[in-house]
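Novice: only the shape, not the letters, is given here:
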């Protein structure tokens with residue numbers, strides 16, 4: 001739930017809105033380095049989640065686990 005205004009919103013929609021807002025402000029405001037840093041952080045988090053899930057661009061991961069006797 002957002003704090004101001006107190007409206008319930010799904011996290012995926014909030015992330016899309018914040019990414020679009022950061023991109024807009026980064027392109028239209030002078031010195032928008034911080035906005036592009038937030039976009040880079042979002043991209044890095046997405047890549048980490050894709051790696052953990054075995055999704056694209058990493059493909060399926062097969063753990064090489066052997067039982068030790």
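Specialist: Thanks, I have it. The structure presented is a predicted model; accordingly, all values stated were derived computationally and were not measured.
Novice: going forward, measure contacts and count neighbours with C-alpha atoms only.
Specialist: Noted.
Novice: now do the contacts for the most centrally placed residue in the chain.
Specialist: Centroid-nearest residue in the chain: residue 42, 3.3 Å away (criterion: CA atoms, centre = their mean). Contacts for residue 42 were tallied using CA atoms under 8 Å, 6 or more residues apart in numbering; they are residue 19.
Novice: host element of it?
Specialist: helix 33-53 (DSSP states H and E).
Novice: and that helix, what's buried?
Specialist: Buried positions in helix 33-53, judged by neighbour count with 16 or more other CA atoms under 10 Å: 35, 36, 38, 39, 47, 51.
Novice: can you list those residues in CSV and add distance to residue 24 and pLDDT?
Specialist: Formatted as CSV, the buried residues of helix 33-53 follow (distance: CA to CA, whole Å; pLDDT from 0 to 100):
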residue, distance to residue 24, pLDDT
35, 9, 89
36, 10, 90
38, 12, 90
39, 11, 93
47, 22, 90
51, 28, 84
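Novice: which of the residues you listed lies closest to residue 28?
Specialist: Of all the buried residues of helix 33-53, residue 35 has the smallest distance to residue 28: 10.6 Å, by CA to CA.
Novice: how far away is that closest one from residue 42?
Specialist: 11 Å (CA to CA, to the nearest Å).
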